[in-house]
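Colleague: Have a look; sequence and predicted model below, questions after that.
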Amino acid sequence: MRQQIDLYQDVLIDKPEPFQTRHVCMILGAVVICLILVGIYSYWQTNSIQTQVADLRQKQQLLSEQIVVLAKQYPERKPSILLQEKIKRVELELQGQRKAIDYFSKQDQGSNRVILASLEGLARNPQPGIWLRQIRLLNQGQEVQLAGSALKAELVPEYLHLLGVKNIFGGQVFAQLKLNRLKERAGQVDFELDSVLEAAR
């Protein structure tokens, strides 16, 4: 005995359920909630930016006020007269050095060798307790003038002997010696040496 089943019966066919109004409302509600959350976040972010801008403007105003106060407390300094005088002295020294360089560059090589040899001899033979403040080599090194100080007066003749032994100035003899004792520094003396007498000039 066979039993036939009708596969096309309405009961056995899956029918899609109609899209209910409740589902639509739920979706719309979710969308509305998302939009509200986005709006709240945008509003909060905008307020935060405005607050930061207001803080920055307030800080800028405070800094401007501080600058005004500091400008009143520390006015622009006037040029220092002492500094200007020092600058002038340095400029004059530079001019003197340039003149000396020009002088040496214009001299012949023989004169330069004599002068440079004398200066090198002084540098290579220092005397303890004696320091030179001024060295003048005139007439192409034929006239020598030295000025300096010594811790003791007896060191000056020793220095003269050293200059002669080392032949610093090509055998020249100093014709004039001046000594000046320093009152503020007991025992120390200033001295001046010249290879030519003042009367002979």
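Modeller: Looks like it came in fine.
Colleague: Which helix runs longest in this structure?
Modeller: Identified as the longest helix of the chain according to DSSP state H is helix 21-73.
Colleague: Helix or strand next in line after that helix, which one?
Modeller: helix 81-106 (DSSP states H and E).
Colleague: So for that next one, what gets flagged as buried?
Modeller: For helix 81-106, the neighbour count (16 or more other CB atoms under 10 Å) marks no residue as buried. In short, each C-beta sits where N, CA and C put it, glycine included.
Colleague: Tell me which helix or strand comes right after it.
Modeller: helix 109-124.
Colleague: what packs against that following helix?
Modeller: strand 130-138 (3 or more CB pairs under 8 Å, 6 or more residues apart in numbering; DSSP states H and E).
Colleague: In its sheet, which strands sit next to the strand it packs on, and in what direction?
Modeller: Its sheet considered, strand 130-138 pairs with strand 143-150 (antiparallel) by DSSP bridges.
Colleague: For the partner strand, C-alpha coordinates in PDB please.
Modeller: Coordinates of each C-alpha in strand 143-150 appear next as PDB, following Å, rounded to 0.1, in the frame of the first residue of the first chain:
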ATOM      1  CA  GLU A 143     118.000 101.500  18.500                       C
ATOM      2  CA  VAL A 144     116.500  99.500  21.300                       C
ATOM      3  CA  GLN A 145     114.200 100.700  24.100                       C
ATOM      4  CA  LEU A 146     112.900  98.400  26.800                       C
ATOM      5  CA  ALA A 147     110.600  99.100  29.700                       C
ATOM      6  CA  GLY A 148     109.500  96.700  32.500                       C
ATOM      7  CA  SER A 149     109.500  95.800  36.100                       C
ATOM      8  CA  ALA A 150     111.600  93.700  38.400                       C
END
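Colleague: That concludes my questions; thank you for your assistance.
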